[in-house]
Every structure is written in C-alpha cells, then in structure tokens.
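Engineer: build me a model:
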Amino acid sequence: MRLIDPGIDILFRLATSNIEVASINTVFASHGHLDHVGGVNTISDFLIRAHQNTEVIAPESVFAQKEISDFHSGIMAHGEKWKSKHFPTAVTERKPIKLAHGNYCLEPILLHHGIECYGLKLTYKNKSIIYISDTGYSKIIKTKKGTVPVGELVQTDDFIAIEDKFEDLRAAVASSDVLIANIETLQYNKNSKTHLTVHDVIDMVQDNAVKLLVIAHVNPRAELGIGWIRGIAKYIQSTTNVTCIFPTIKGLSLQIT
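Structural biologist: Here you go, the predicted structure:
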C-alpha cells in the first residue's frame with residue numbers, strides 16, 4: 001500500500017480507516033511541512049522494527065534538512081540484524097520514479113509552494129490519477145477594484161477572473177481522469193500565492209479530461225465542519241462538469257475501475 005503525505009495524526013487516521021500499518025510499503029512526502037511529513041518518522045519506526053521492506057520517497061531537500069531522520073528514511077544503515085530493506089528515493093523534476101513495490105511508475109509534478117514541493121501522476125487501469133499537494137496557481141486576478149497580484153491580498157470576496165496563472169500546472173492536469181487537489185480556501189487571501197483556492201481548481205479542471213475531483217487538505221472534524229466541504233463540492237459541481245467527492249468523519253475510500 002502507498003501512503004501519501006502523512007501528517008502527525010496519521011496513526012489516528014489509519015486506525016479510524018481500519019488500515020493496517022504493516023500493509024504500507026511505500027511512503028511519499030510532497031514537501032517538508034509538518035502536516036505533510038510529520039508522520040513519516042512514526043510510520044517508518046514501526047515498519048523498520050516490523051522488518052517491512054519500505055521505500056520512502058521525498059524531495060532531496062526533505063532528506064538533506066532532516067525533516068525525515070536518516071534512520072527513518074533508510075539513509076542510515078540499520079545493521080545486519082534488520083531483515084528489511086528500508087531505503088530513500090529522492091524526487092527529481094521530470095524524472096519518473098519506478099516504484100520498488102508493484103509495477104507502477106510515478107511522474108513528479110513540480111509545484112509552486114515556496115519550497116521544493118512535488119505532486120505526482122500515476123497511471124492505473126488505464127486511468128490517469130494526479131495528486132496536487134500545496135501549490136499556488138493564480139499569479140494575478142481581476143477583482144471589482146482592479147487587477148491584483150495574488151499574495152498581496154488580505155482577503156477578497158469580489159473576484160471576477162484569473163488574469164495570469166501557472167500554465168504548466170494546468171497542462172499537467174489537463175489529461176488526467178482523476179484529480180486529487182489540496183484546497184485551502186474559497187476566496188483569495190494572503191496565503192493564496194502558495195495554496196489553491198476553489199477558483200483555482202475550477203479553472204484547472206475546466207474544459208479538459210478531468211471527470212472526478214477529490215477534495216483534499218480539508219478536515220471534516222475541524223471548526224468549519226463537513227458543511228463547509230460539502231458547500232465547496234456543490235459549488236465546483238455547479239460550475240463544471242466534474243464530479244466532486246470529499247472525506248467525511250470516517251474518511252474516504254476511492255475505488256478506481
């Protein structure tokens with residue numbers, strides 16, 4: 001099983017989803033922020049001691065800056081008593097990664113998050129699945145007050161259109177069947193230079209192959225609750241031809257056929 005961007009509460013999430021930690025053989029961290037890499041050491045500690053063969057995939061900077069320890073990434077040799085092969089694989093832009101477990105190949109997608117950060121593309125059963133982690137998308141937007149560079153806004157609710165964006169990101173998504181995207185907010189604010197808004201995602205999936213959008217980076221247990229996520233999904237579906245699904249209190253299981 002592949003585990004992507006485990007945060008510090010990953011053991012709780014696995015337990016509530018009835019997923020056995022021992023079933024994990026590949027861990028992918030898109031970047032070094034705590035909510036995406038904070039659980040790697042915890043999961044790896046269990047897998048190493050359970051003698052599970054595990055591949056840990058992350059940007060080179062994550063390994064260099066020790067966001068994942070040398071022991072838990074496999075950089076540090078575990079000695080002859082360890083039966084498992086626990087090892088790191090560094091993500092490099094535009095260089096596909098042949099996974100050690102299973103006949104799968106990951107294609108990294110360089111994101112715009114202010115630090116080294118990658119999404120990924122996976123082809124499975126003739127379906128193209130893309131995961132977009134934290135990233136900026138719009139560069140300049142048009143509001144009722146004029147054009148504004150994204151990131152200089154404190155908060156705006158008078159959005160009209162996207163004037164300039166990262167075209168490479170839209171191009172990467174265009175041919176995918178399933179998009180898993182981290183959505184931060186409904187409207188633009190000061191953090192939107194490095195995180196997606198609902199408007200970004202709508203623009204990203206308009207008039208291309210995407211049929212299913214999985215809304216990620218939302219917490220149904222948080223103060224905004226499941227109603228906020230449901231509202232986002234309803235709004236996206238009302239403006240696109242894309243079906244939206246999202247995690248509930250019990251999590252989310254996605255069957256690709």
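Engineer: which stretches of the stretch 101-250 of the chain form strands?
Structural biologist: Listed in chain order, the strands of the stretch 101-250 of the chain (DSSP state E, counting those that start in this stretch) span 105-110, 118-124, 127-132, 138-143, 146-149, 159-165, 178-185, 196-197, 212-216, 243-245.
Engineer: for residue 62, which of those is the nearest?
Structural biologist: strand 118-124 (10.1 Å; C-beta to C-beta). Backbone N, C-alpha and C define where each C-beta goes, glycine included.
Engineer: contact partners of the closest one?
Structural biologist: 4, 28, 30-31, 59, 91, 93, 104-111, 128-133, 135, 172, 176, 256 (C-beta atoms under 8 Å, 6 or more residues apart in numbering).
Engineer: low pLDDT regions in the stretch 151-257 of the chain?
Structural biologist: 154-155, 249-250, 256-257 (pLDDT under 70).
Engineer: go again using 90 as the cut-off
Structural biologist: Along the stretch 151-257 of the chain, segments meeting pLDDT under 90 span 151-159, 175, 184-187, 190, 207, 217-231, 241, 246-257.
Engineer: thinking again about what came up before, could I get the strands of the stretch 101-250 of the chain as TSV with distance to residue 71 and mean neighbour count?
Structural biologist: Compiled in TSV, the strands of the stretch 101-250 of the chain are given as follows (distance: least, C-beta to C-beta, whole Å; neighbours: other C-beta atoms under 10 Å):
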stretch	distance to residue 71	mean neighbour count
strand 105-110	24	19
strand 118-124	23	20
strand 127-132	27	20
strand 138-143	40	18
strand 146-149	43	12
strand 159-165	41	16
strand 178-185	29	21
strand 196-197	34	24
strand 212-216	29	20
strand 243-245	37	16
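Engineer: looking at the ones you listed, which is nearest to residue 9?
Structural biologist: strand 212-216 (14.7 Å).
Engineer: given the closest one, what are its sheet partners and their directions?
Structural biologist: strand 178-185 (parallel), strand 243-245 (parallel) (DSSP bridges).
Engineer: distance from the chain centre to it, please.
Structural biologist: 11 Å (C-alpha atoms, centre = their mean, to the nearest Å).
Engineer: now it - C-alpha only, PDB.
Structural biologist: Taking C-alpha atoms only, strand 212-216 is exported to PDB below (Å, rounded to 0.1, in the frame of the first residue of the first chain):
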ATOM      1  CA  LEU A 212     -13.600  13.300 -10.900                       C
ATOM      2  CA  LEU A 213     -12.200  15.700  -8.300                       C
ATOM      3  CA  VAL A 214     -11.200  14.500  -4.900                       C
ATOM      4  CA  ILE A 215     -11.100  17.400  -2.500                       C
ATOM      5  CA  ALA A 216      -8.100  17.100  -0.100                       C
END
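Engineer: so the longest helix seen in the chain versus strand 212-216, what angle?
Structural biologist: The longest helix of the chain (DSSP state H) is helix 225-239. Per axes from the mean of the first three to the mean of the last three C-alpha atoms, to 10 degrees, the angle that helix 225-239 makes with strand 212-216 is 150 degrees.
Engineer: list the buried residues of stretch 90-98.
Structural biologist: 90, 91, 97 (16 or more other C-beta atoms under 10 Å).
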